[in-house]
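*Asks:* below are the sequence and a predicted model; questions follow.
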Amino acid sequence: MSDARNPNSAQRLKRLNNRQRKKQRVGEYRELGFHLVATLAEDLGSEGQDALLDAWLTRVDEAGVSFGGHFDGRSNLEGVVFPVGTVKIGEELRNELAGWLKARSEVKQLEASELIDLWHVA
């Protein structure tokens with residue numbers, strides 16, 4: 001990404017004061033998250049799906065972050081994990097949450113993106 005368009009370029013951040021960086025969510029105030037797509041086992045009934053979704057949302061809440069997305073009612077869960085409050089999402093938390101979901105027997109396949117800037121997606 002060129003510095004002219006990069007909201008987190010060093011040149012641009014030097015010109016902004018603390019209040020401006022916070023308002024524009026750049027520099028130390030940027031918010032990272034990740035996108036995930038999970039394919040569930042096809043033989044999983046609605047009770048199994050509900051149990052997995054409840055366990056996933058509980059795990060996400062325990063980590064102090066949130067998940068927004070959708071479940072198509074058949075076998076696809078897709079969404080974004082994003083920070084809430086003071087918790088910041090880093091590689092360690094991303095790997096922990098993706099690993100937890102991937103380790104579940106109900107999940108056939110999981111794709112988790114790298115960390116992305118949630119406010120300034122290229």
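*Replies:* Great, that's in hand. Residues are numbered from 1 along each chain as shown.
*Asks:* by mean pLDDT, which helix or strand of this protein comes out lowest?
*Replies:* helix 18-24 (a mean of 66; mean pLDDT, DSSP states H and E).
*Asks:* show me the shaky parts of the chain.
*Replies:* Residues of the chain meeting the criterion pLDDT under 70: 1-4, 13-14, 16, 18, 21-29, 120-122.
*Asks:* as a quick check, tell me the outermost residue of it.
*Replies:* Computed with C-alpha atoms, centre = their mean, the residue of the chain farthest from its C-alpha average is R15, at 29.5 Å.
*Asks:* separation between that one and S9?
*Replies:* 10 Å (C-beta to C-beta, to the nearest Å). C-beta coordinates here come from the backbone N, C-alpha and C atoms, glycine included.
*Asks:* swap in K102?
*Replies:* In terms of C-beta to C-beta, K102 sits 35 Å off from S9.
*Asks:* ditto for T86
*Replies:* For T86 relative to S9 (C-beta to C-beta), the value is 26 Å.
*Asks:* again, but for G85
*Replies:* According to C-beta to C-beta, G85 stands 28 Å off from S9.
*Asks:* of those two, which one has the most company?
*Replies:* S9 (14 against 8; other C-beta atoms under 10 Å).
*Asks:* mind listing the strands for the protein?
*Replies:* 32-40, 65-71, 76-83, 107-112, 116-117 (DSSP state E).
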